[in-house]
Every structure is written in structure tokens, then in C-alpha cells.
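>>> next come a sequence and a model predicted from it.
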Amino acid sequence: MTASPRSRTVDPATPVLLVDVGGVLLLHNHDLLMPITAKYGGVSTVEDFQRAHYACHHASRPASGPTTDYYDIFDQYAGIPEAQREAFREEYRTYSHTRNMCHWPDPAAKQTLTELVAADTPVVVVSQADGTIAQMLWDAGMCQEGEGPGVAVDAIVDSEVVGFNKPDPQLFLHALSLVGALPQQAIHVGDTVRADVRGAQAAGIRALHYDPFDDCDDAPGDHDHIRTLAEVVPHLDRLGEQLRSES
């Protein structure tokens with residue numbers, strides 16, 4: 001993988017998008033995983049599989065309270081008959097651990113990224129990852145810094161590389177520093193309240209919860225939600241209007 005980043009300092013009146021990877025740009029690979037759920041009598045359509053994933057994701061990492069191992073409860077959301085659950089959990093967990101299964105590029109998300117970058121919106125990808133997220137995004141053809149197979153974004157921030165994990169606000173502030181932007185200029189989109197919403201809020205950044213099936217269990221009114229990445233566009237437009245009126 002070879003690429004050169006887009007290097008710039010954005011205007012103070014320009015809105016900036018920070019965007020998470022897993023569950024937003026790259027999804028759980030239903031092509032590989034759904035055959036296992038179907039084999040054990042569970043979900044067998046793409047929409048049902050993704051709906052089960054997001055419901056389980058939110059249940060395993062709720063807005064507050066104790067967390068649960070995702071693979072201990074996914075069978076319940078995937079519709080696996082009780083008699084098949086133990087065998088399913090063993091096979092599904094083992095297969096899921098052969099690689100990071102959250103690598104399927106969402107074409108709708110890529111289209112939105114393409115349109116935003118074409119409109120000169122600064123975009124920084126911010127991921128809690130293990131040092132491999134830039135390569136994963138490249139391999140998926142989703143995005144990269146500079147020229148490549150996907151959309152050319154301004155920067156890709158991997159928590160393992162920079163040394164800050166979500167929800168540490170330093171991770172989000174570091175992402176903004178790469179384009180010379182301030183927290184009030186940014187909107188962050190992520191699929192997890194604990195990591196994405198709370199981290200962005202702690203950094204003074206407006207948080208949008210990516211919640212395709214309305215699974216959020218947080219207090220009503222704490223933050224806004226979007227069901228598709230395209231829904232971020234009017235939020236960015238309104239933020240831009242506000243920034244220009246204040247400049």
C-alpha cells in the first residue's frame with residue numbers, strides 16, 4: 001500500500017467530518033458469516049443478518065452498565081433455535097476469530113464519502129483499531145490517504161498507532177489537528193455510544209450516532225441519530241451555515 005495524504009489546514013468556517021470504520025464504513029461480512037447462521041436455522045437474509053448484528057452490538061456494549069461478550073449472545077439475535085445455540089456459538093466464534101470479519105465495504109457509505117470529498121469536505125477516519133485499519137480500508141477499496149483504490153480522505157487515524165483509544169478525547173482532538181480544525185467545526189459519526197458518542201462529546205465535538213435500526217438505549221435527547229451515512233450531509237450543511245454566520 002502506497003499513498004500520500006491530503007495535506008491542508010481547513011478554513012475555520014468549514015465543517016469537518018470525523019467518521020468511524022467498523023459498523024459504518026466496513027460492515028460484518030454477511031457473505032462469509034450468514035451461511036453459518038442459516039446452517040443452524042437462524043437469519044438468512046442480508047437485512048436480517050445486519051439487523052441482528054446491530055441489535056447484538058448495542059446489547060453487548062450498552063450506553064451504560066456492564067458489557068457482555070458479543071459472541072455469547074449473538075445467537076439470540078440471530079434467531080438460532082435454543083437446541084442449536086451451543087454448537088452455533090462454538091462454530092461462529094471460531095470462524096469469526098480467523099480474521100477481522102468487519103471488512104465488508106458498504107457501497108452506500110462509499111458513495112457518500114465520494115460525494116463529500118468531491119464537495120471538498122474535509123474527512124478524517126477515526127478508528128479504535130489494532131494498527132491495521134488503513135490496510136483494511138485499502139484492501140476493501142473504501143478509502144485511503146492520497147491516491148488508491150478508494151476515496152482519498154484527508155487522514156486515517158488508528159488508535160493503536162497514535163496511542164489513544166476511544167473514548168479518550170485525545171484521539172478525536174488528534175484527528176482534528178491533522179487538518180488544523182477546532183472541535184466546534186466537526187461532526188463525528190460512529191456506531192457505539194460508549195466509544196464514539198461519549199468520546200466525541202468529551203472532546204467538544206458534535207456526535208451523531210450511526211444507528212440503522214434504532215437500537216440506541218441512551219437517554220432520549222442526549223445526541224442525534226442517523227440511519228445511513230448520507231444523512232450526515234444536512235447536518236454538515238447546517239453546521240457550515242452556523243460557522244459562516246459566526247465568522
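Good, I have the coordinates.
>>> what segments of the protein are strands?
Counting by DSSP state E, the chain has strands at residues 16-19, 26-28, 102-105, 123-127, 143-145, 151-153, 155-158, 186-190, 206-210, 224-226.
>>> mind putting these into CSV with distance to F164?
Bear in mind the C-beta positions are built from the backbone N, C-alpha and C, glycine included. Supplementary listing: these in CSV, determined by distance: least, CB to CB, whole Å:
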stretch, distance to F164
strand 16-19, 14
strand 26-28, 21
strand 102-105, 21
strand 123-127, 10
strand 143-145, 19
strand 151-153, 19
strand 155-158, 9
strand 186-190, 14
strand 206-210, 17
strand 224-226, 25
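>>> reformat those as TSV; add mean neighbour count, distance to D196 and mean pLDDT.
Output for those, formatted as TSV (neighbours: other CB atoms under 10 Å; distance: least, CB to CB, whole Å; pLDDT from 0 to 100):
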stretch	mean neighbour count	distance to D196	mean pLDDT
strand 16-19	27	9	98
strand 26-28	23	15	97
strand 102-105	18	14	97
strand 123-127	26	9	98
strand 143-145	24	18	98
strand 151-153	22	17	98
strand 155-158	23	13	98
strand 186-190	26	2	98
strand 206-210	23	7	98
strand 224-226	17	12	97
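>>> the residue lying farthest from the centre of the chain: what's it in contact with?
Relative to the centre of the chain, the most outlying C-alpha is that of A83, 33.8 Å out, by CA atoms, centre = their mean. Counting by CB atoms under 8 Å, 6 or more residues apart in numbering, A83 touches no other residue.
>>> got a pLDDT number for it?
A83 carries a pLDDT score of 98 in this model.
>>> if I look at it, how far off is G41?
A83 sits 9 Å away from G41, going by CB to CB, to the nearest Å.
>>> T98 too?
T98 sits 23 Å away from G41, taking CB to CB as the criterion.
>>> out of those two, which sits in the more crowded spot?
Taking neighbours as other CB atoms under 10 Å, T98 and G41 compare with G41 leading, 15 against 8.
>>> which residues of the protein fall in helices?
Secondary structure of the chain, counting by DSSP state H: helices at 30-39, 46-60, 70-77, 85-96, 107-118, 133-139, 159-162, 169-177, 198-202, 232-246.
>>> surely D191 touches A207?
No - taking contacts as CB atoms under 8 Å, D191 lies outside contact range of A207: 11.3 Å.
>>> which stretches of this protein have low pLDDT?
By pLDDT under 70, the low-scoring segments of the chain are 1-7.
>>> closest to T9 out of the helices of the chain?
Nearest to T9 among those is helix 169-177 (9.9 Å), distances taken as CB to CB.
>>> and the angle from that closest one to strand 123-127?
Angle between the axes of helix 169-177 and strand 123-127 is 160 degrees (criterion: axes from the mean of the first three to the mean of the last three CA atoms, to 10 degrees).
>>> list the buried ones in helix 169-177?
Within helix 169-177, the residues scored as buried using 16 or more other CB atoms under 10 Å are P169, L171, F172, L173, H174, A175, L176.
>>> and the contacts of that helix?
16, 18, 124, 126, 128, 155, 157, 159, 162, 164-165, 182-183, 185-186, 188, 199-200, 202-205.
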